[in-house]
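Asks: need a structure here:
(chains A and B)
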Amino acid sequence: MTPTESKQCSGRALQTRLLEPIDVAWLVALRILLGVLLAVSMRRFLAYGWVDEFLVRPAFHFKYWGFVWVEPLGSSAMQALFYALLVLSLAVAVGAFFRVTAPLLALGLTYVQLIDVSTYLNHYYLAALLTWLLAASPAHRAWSVDAWRKGRNVTTAPRGWQWLFRVQVGVVYFFAGLGKLQLDWLQDAQPLRIWLGQSTSLPLVGPLLTIEGLPLVLSWCGFLFDTTIVGWLSWKRTRPYAYFVLFVFHLFTRLLFDIGMFPFIMSAAALVFFSPSWPRALIGHWLEPATREKPRAAGLLGRSALWLGAIYCAVQLVLPLRHFAYGGNVLWHEQGMRFSWRVMVRAKGGSTTFLVRDPQTGIEQEVSTRGYLTPLQQNEMAGQPDLILQMAHAIGADLAQRRGHTVEVRAETRVSLNGRRAVPLIDPVVDLTQIRDGFGTYSWVLPAPTQAAPHTRPVL
Amino acid sequence: MGGSSAVEICGEAPDTSGAFSKKALLAAAADCSAYQACGFRAAAVVLQRELKGWAEDPSGENLGRARAAYDNAMNEWSSIEGLQFGPVADGPVDEYHGRGIRTKIHPWPSTNRCNVETQISTQEYASADGFKYVPPSGRGLFAIEYVLFTNYSDTVCAANQQAYADWNALSSSELAAAKRSYAVAVASDVVRLADTLVGVWAPDGENFKAKLLAFDGYGSEQETLNIVAWSLIYPEAEIKDWKLGPFSTVPVTPASIGPETPYSLRGIENLRVNLRAFEMLFWGCRGGEGLGFDDWLTEAGAADLRDDIRAAYEQAALAADAFPAMQDATTAEFDDFYRAIKPLADLLKSSFFGSGSPLNLKLPASAGSDTD
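Replies: As a prediction, the model looks like this:
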């Protein structure tokens, strides 16, 4: 066999393996769990008043590249949308009209995320990705309203779907771990030292958090957990123990930090590493047994699906690494920060003063962002250069319109990263209205502070 | 006013020194608030007494005594301005326990001259409902200031309002008497509110200190500390943007907010006391001695930030001490003062509060969201 023939052969073997029918039970369980968790998420948004507060009330919205046209609906319509998303989540959970409800849910979640960059959270992004994957998958084939309507349960799905979900979940853990491979986290235990301070009043656990050295131990535990958990979950012998550790880990993070539904979503999503039939071990007597189907040769559709899956995986693997193209400290300049699973690695805040210079009078004045932004948006903007740039452009355009001529806009910023003394983030002499955001390195962002993060302490 | 001054009634500021803990810090803030409430109540009682005396005998001497009592009450209140947590705070400031006592006593910046004149001319406040339906913008210390420091014979209420007709139906002597009567009634209401405020902190009353220490309603110690600490943002929003911003050319679009005490013209005195209130909460209740947020920064290993805030505060306090009466200050002086306050305001926003806070203190109105 020539090397080319050998390659073709292994390629076909991989194709066959990926298209091999396996028990669909794992996918159904994921559909149900994700649907229920998303329904709870939507309910939280409604109950806490976040729909208005984060999406409707702001007079100005920070935009994503290519999605400048995305605008929020009015208050009532946005509330209605979240109720609709709640219903769609439940419809997905029970597998009702799945081919319609699941894409609509994914579309709705994506729309909500695209409204304002300042609301970006890794777990919202993950929820949208998982929902899109779910919408494309045959998760409604069994134990669903759709299967009941059609009068038949198809109890298998191609193995490739499980691999795809495993890659997605694995990417989150692995890159979350890679994001911790830096001195702030591993040497100075920041920002954990800061964040643990908010939980010292917890019964039993709280006082322990003040033990000197514990933040560093927890930092290393977090790093080792994130970087290795996929391996432990992938190995059959360690899988149950690994999942137990994972569950306790997420429970612990939920207890200590305000991370909303993330621990629950990850705990549910990590079940994809178990055998496809794992739900049968729990409730097998209620389920119709999986049928044995013969592998079919990959048709055009199957091959296209595999290619799409491969491209998706490649994007997910490359996107979090794009910060290497920029050099410097990604936690500071933030180029390559979003969509890269750098969860819980930066405590970053600051103040931003926009200075407007009228070229006709030479007078320089301050512009308060209170008229444009909510406190949450101001807080988020302060540490993110591209948002500061967007705000500067908006201020420039606003004043140019009011005055009938262009103005210069500069930003005086002071930003603290992981407990360090606040220092300027943006070059204060640069007229930001002359800067266009793009893929190039931000020359107008000043270098990150080089001193080590301070060893602050959680106190009782 | 001898025999009933705040110090004689309430004693010295509480000694809150001791070993640091977050609970001890909350206790210190509570004790300081209780002390300030006691001081304000004492001043409010004197104000009420002097206003009654002036209403009965509207002599120049009695007017002077009433004005002095107002000044004293305003001084005492300006300390409480820097301690806005718990029932004294407005709902948006302390969403858990805020009952808006503050706004009924000191409605600035939501003051409304017409609402004062409406009460004077219609005397709705004298009905059986009392002050139940009197809007805060037309009562409290603002209304008393209006009566004590102005002698308007006209009204700013619109001609189509009942108050306009009622006002113009009064003779000048009836109007003067109506003003004095309203001032006395408002002072009684202020004393009632001050009693409520003292009762909030009284161990045999609401004992809010115990609630604070148990995080009752706040849900967690950190959230309790957030709410208490938010009083420290006063120099950033109220002082820089609201009290100085409208008179400075530094901001492009200053807040359209009127002076805090437009008739008594004591804006700078209020501001100096506001800064001292910041000092009480940050460094300790007894003139900067005792437990404060500085001790938390020290314990947490953030001494740099503590020292930076000290330096910025001293710069602001020096500028306040050197500042002339606001009505005499030039725009350039306002600009300089604004710039002198800004480093403190920026430090508070960039490092003490917000996502970069070494103490995990959230910025006001940003505490409720998820993070990751």
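Asks: Could you give the number of residues near residue A:206?
Replies: Neighbours of residue A:206 under the rule other C-beta atoms under 10 Å in any protein chain shown: 16. For glycine as for every other residue, the C-beta is placed from the backbone atoms N, C-alpha and C.
Asks: can you check residue A:48 too?
Replies: 14.
Asks: Break down chain B into its helices, ranges please.
Replies: B:6-10, B:22-56, B:60-80, B:101-105, B:113-122, B:140-149, B:162-169, B:172-201, B:208-213, B:221-229, B:267-283, B:293-299, B:303-322, B:331-347 (DSSP state H).
Asks: Can you lay out those as a markdown table showing mean neighbour count and mean pLDDT?
Replies: Formatted as a markdown table, the helices of chain B follow (neighbours: other C-beta atoms under 10 Å in any protein chain shown; pLDDT from 0 to 100):
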| stretch | mean neighbour count | mean pLDDT |
| --- | --- | --- |
| helix B:6-10 | 16 | 80 |
| helix B:22-56 | 23 | 96 |
| helix B:60-80 | 20 | 97 |
| helix B:101-105 | 23 | 96 |
| helix B:113-122 | 24 | 96 |
| helix B:140-149 | 25 | 98 |
| helix B:162-169 | 16 | 94 |
| helix B:172-201 | 20 | 96 |
| helix B:208-213 | 20 | 96 |
| helix B:221-229 | 24 | 96 |
| helix B:267-283 | 22 | 96 |
| helix B:293-299 | 22 | 97 |
| helix B:303-322 | 17 | 96 |
| helix B:331-347 | 20 | 95 |
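Asks: In a markdown table: those, plus distance to residue A:325.
Replies: Converted to a markdown table, the helices of chain B look like this (distance: least, C-beta to C-beta, whole Å):
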| stretch | distance to residue A:325 |
| --- | --- |
| helix B:6-10 | 65 |
| helix B:22-56 | 44 |
| helix B:60-80 | 55 |
| helix B:101-105 | 53 |
| helix B:113-122 | 62 |
| helix B:140-149 | 60 |
| helix B:162-169 | 69 |
| helix B:172-201 | 58 |
| helix B:208-213 | 51 |
| helix B:221-229 | 38 |
| helix B:267-283 | 44 |
| helix B:293-299 | 39 |
| helix B:303-322 | 34 |
| helix B:331-347 | 33 |
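Asks: how about the nearest residue to residue B:91, chain neighbours excluded?
Replies: Spatial nearest neighbour of residue B:91, excluding adjacent residues (C-beta to C-beta, 6 or more residues apart in numbering or on different chains): residue B:98 at 4.6 Å.
Asks: The spatially closest residue to residue B:319 that is not a sequence neighbour and residue A:202, how far apart?
Replies: Take residue B:319 and drop its neighbours on the chain: the residue closest to it by C-beta to C-beta, 6+ apart is residue B:340, 3.6 Å away. Distance, residue B:340 to residue A:202, using C-beta to C-beta, to the nearest Å: 42 Å.
Asks: Repeat that for residue B:54.
Replies: For residue B:54 relative to residue A:202 (C-beta to C-beta), the value is 57 Å.
Asks: Mind naming the longest helix for chain A?
Replies: When chain A is parsed with DSSP H, its longest helix is helix A:25-47.
Asks: Now do it, average pLDDT.
Replies: For helix A:25-47, mean pLDDT is 97.
Asks: got the residues of the stretch 151-300 of chain A near chain B?
Replies: A:194-195, A:197-201, A:257-262 (C-beta under 8 Å from any C-beta of the partner chain).
Asks: Considering these, which member attains the minimum pLDDT?
Replies: Among those, residue A:258 carries the lowest pLDDT, at 85.
Asks: Kindly indicate whether that residue is helix, strand or coil.
Replies: Three-state call for residue A:258 (DSSP: H, G, I helix; E, B strand; the rest coil): coil.
Asks: pLDDT weak spots in chain A?
Replies: Applying pLDDT under 70 to chain A flags the ranges A:1-8, A:285-288, A:290-298.
Asks: So stretch A:323-332, near chain B or not?
Replies: No - Stretch A:323-332 lies out of reach of chain B by C-beta under 8 Å from any C-beta, never closer than 11.7 Å.
Asks: list the contacts for the residue of the stretch 51-200 of chain B found nearest chain A?
Replies: Taking C-beta to the nearest C-beta as the measure, the stretch 51-200 of chain B has residue B:95 as its residue closest to chain A, at 10.7 Å. Contacts of residue B:95 were listed using C-beta atoms under 8 Å, 6 or more residues apart in numbering or on different chains, and none were found.
Asks: can you list the domain ranges for the chain.
Replies: I'll assume chain A. Chain A breaks down into these domains under automatic domain parsing: A:16-324, A:347-434.
Asks: Can you look at chain B instead?
Replies: Domain assignment for chain B by automatic domain parsing gives B:22-213, B:221-352.
Asks: Check the offset of the last one from the chain's centre.
Replies: Looking back up the chat, that one is domain B:221-352. From the chain centre to the centre of domain B:221-352 is a distance of 13 Å (C-alpha atoms, centre = their mean, to the nearest Å).
Asks: From what I see, residue B:349 and residue A:369 are in contact.
Replies: No - here residue B:349 lies out of contact with residue A:369, judged by C-beta atoms under 8 Å, at a distance of 11.0 Å.
Asks: before we move on, the earlier item: go ahead and confirm the residue nearest to residue B:91 touches residue B:92.
Replies: Yes - between residue B:98 and residue B:92 there is a contact at 7.4 Å, judged by C-beta under 8 Å.
Asks: So those two - more neighbours on which side?
Replies: Higher neighbour count among residue B:98 and residue B:92: residue B:98, with 20 against 10, using other C-beta under 10 Å.
Asks: who are the neighbours in contact with that one?
Replies: B:86, B:87, B:88, B:89, B:90, B:91, B:92.
Asks: if we go to 10 Å?
Replies: B:84, B:85, B:86, B:87, B:88, B:89, B:90, B:91, B:92, B:227 (C-beta atoms under 10 Å, 6 or more residues apart in numbering or on different chains).
Asks: Am I right that the fifth one is in contact with residue B:82?
Replies: It stands for residue B:88. No - here residue B:88 lies out of contact with residue B:82, judged by C-beta atoms under 10 Å, at a distance of 11.3 Å.
Asks: Can you pull the residues that touch both of the two?
Replies: Residues within reach of residue B:88 and of residue B:82 at once, by C-beta under 10 Å, 6+ apart, are B:33, B:36.
Asks: which of those two has more neighbours?
Replies: Neighbours were counted for residue B:88 and for residue B:82 using other C-beta under 10 Å; residue B:88 has more, 30 against 25.
Asks: gap between that one and residue A:348?
Replies: Distance from residue B:88 to residue A:348, by C-beta to C-beta: 33 Å.
Asks: and the residue nearest to residue A:139 when sequence neighbours are not counted, how many neighbours?
Replies: In space, and not counting its chain neighbours, residue A:139 is closest to residue A:31: 3.9 Å by C-beta to C-beta, 6+ apart. Residues contacting residue A:31 under the criterion other C-beta under 10 Å number 26.
Asks: quick one: residue A:31 from chain B, how far?
Replies: According to C-beta to the nearest C-beta, to the nearest Å, residue A:31 stands 24 Å off from chain B.
Asks: show me what contacts that residue?
Replies: A:24, A:92-95, A:98, A:102, A:134, A:137-144.
Asks: switch to 7 Å and redo it
Replies: Listed by C-beta atoms under 7 Å, 6 or more residues apart in numbering or on different chains, the contact set of residue A:31 reads A:92, A:93, A:95, A:134, A:139.
Asks: can you redo the residues you listed as a markdown table with neighbour count and secondary structure?
Replies: Listed next are the contacts of residue A:31 as a markdown table, based on neighbours: other C-beta atoms under 10 Å in any protein chain shown; DSSP: H, G, I helix; E, B strand; the rest coil:
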| residue | neighbour count | secondary structure |
| --- | --- | --- |
| A:92 | 30 | helix |
| A:93 | 20 | helix |
| A:95 | 24 | coil |
| A:134 | 24 | helix |
| A:139 | 28 | coil |
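Asks: So the residue of chain A positioned farthest from its centre versus residue A:221, what's the distance?
Replies: Residue farthest from the centre of chain A, counting by C-alpha atoms, centre = their mean, is residue A:361 at 46.1 Å. Per C-beta to C-beta, residue A:361 is found 59 Å from residue A:221.
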